[in-house]
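> For reference, the sequence and a predicted model appear below.
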Amino acid sequence: MSQDVPSVRRVTSREGYARWASFYDEFENPMTAMVSHVLAASSGDFDGARVLEIGCGTGRNMERLFNRGIRSYTGVDDSPEMLAIAHARGAKFGSVQLEERDLCRDWWEGLEGYDLVLVSLVLEHFEHVSTVLSDTARVARLGASLWILELYPERFHAGARAHVSTGDETLVLPSHTHDAEELCAAMQMAGWSPGRTNSWCPTEAQVQEHRKLARYRDRPVLLEVWGHLANGLREI
């Protein structure tokens, strides 16, 4: 007897995350597992930093950032379903601000003076990143840092995409690849000075903890790019 094969449907990122929100943090996602590792392991002094995360989703990164010593966390996202979970998660921290903002429309209004802007697994949903990165410069103080974490281009070319299976169908979210050269060029156009870049491979401990990372053993999964606004007081 043949089994029904779930249909595949392309959706906007907002629709996709609305369907994904209730189980996003329980979903075994090798990319978010790598992000968690990098947030803990990447070099940098975060003590006392005011952090803004664009596309914060469920706020799954905030605790790791507070563990690194940040002073406050602001998250913006255009998914009310994801933000509802972020609000519950942020209740135990004293300095959390969460805003529902359309990331394609002046999301930066009223936000300013941040020491660090984090953009994690977000730029893949934008075909062109120049406007997004220009907007990040609006909210950062001089000397601030920009921290980008993205799907490594080779993984994209191998078929990795943001998607969610809901039983009867698979929803495929907008996904575009961006390499370090493109990101650094866009950062420079936006006023950021590109800094170090890293290619992160899963550790053996991660492979044991997250079985889906086994397929990427000894291969880069996550691209990390740093930048800063020159002539400021402090660079992380």
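Looks like it came in fine.

> give me phi/psi at Gly55?
Phi and psi for Gly55, reported as degrees, to the nearest 10, are phi 70, psi 50.

> OK, contacts around it?
Counting by CB atoms under 8 Å, 6 or more residues apart in numbering, Gly55 touches Val76, Asp77, Leu103, Val119, Ser120, Leu121, Val122, His125. For glycine as for every other residue, the C-beta is placed from the backbone atoms N, C-alpha and C.

> of these, closest to Ser36?
Ser120 (10.1 Å; CB to CB).

> if I read this right, that closest one contacts Val51, doesn't it?
No: contact status for Ser120 versus Val51: not in contact, 11.5 Å apart, counting by CB atoms under 8 Å.

> higher neighbour count, the two?
Val51 (26 against 23; other CB atoms under 10 Å).

> Test my guess that the more buried one contacts Tyr114.
Yes: counting by CB under 8 Å, Val51 touches Tyr114, with 6.6 Å between them.

> list the residues that contact both of those two?
What both Val51 and Tyr114 touch, as defined by CB under 8 Å, 6+ apart, is the set Thr74.

> For the contacts of Gly55, please prepare CSV with the additional fields pLDDT.
Converted to CSV, those look like this (pLDDT from 0 to 100):
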residue, pLDDT
Val76, 98
Asp77, 97
Leu103, 93
Val119, 98
Ser120, 98
Leu121, 96
Val122, 96
His125, 95
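
> Kindly reformat those as TSV containing distance to Leu83 and secondary structure.
Below are the contacts of Gly55 laid out as TSV (distance: CB to CB, whole Å; DSSP: H, G, I helix; E, B strand; the rest coil):
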residue	distance to Leu83	secondary structure
Val76	9	strand
Asp77	5	strand
Leu103	13	coil
Val119	17	strand
Ser120	16	strand
Leu121	16	coil
Val122	14	coil
His125	16	helix
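
> which of those has the most neighbours?
Result: Asp77 is most packed of those (other CB under 10 Å), 26 neighbours.

> So it sits against Gly57, correct?
Yes: in this structure Asp77 lies within contact range of Gly57 using CB under 8 Å: 5.8 Å.

> any common contacting residues for these two?
Ala86.

> what about Met189, which helix or strand?
helix 180-190 (DSSP states H and E).

> Which neighbouring elements make contact with that helix?
helix 130-139, strand 140-151, strand 193-200, strand 222-228 (3 or more CB pairs under 8 Å, 6 or more residues apart in numbering; DSSP states H and E).

> what residue ranges in the chain are flagged as low confidence?
1-6, 231-236 (pLDDT under 70).

> which residues of it fall in strands?
Secondary structure of the chain (DSSP state E): strands at 7-10, 50-54, 72-77, 96-100, 114-120, 140-151, 163-165, 169-172, 193-200, 222-228.

> would TSV of those strands with distance to Glu26 be doable?
Output for these, formatted as TSV (distance: least, CB to CB, whole Å):
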stretch	distance to Glu26
strand 7-10	22
strand 50-54	21
strand 72-77	19
strand 96-100	21
strand 114-120	19
strand 140-151	21
strand 163-165	12
strand 169-172	17
strand 193-200	23
strand 222-228	21
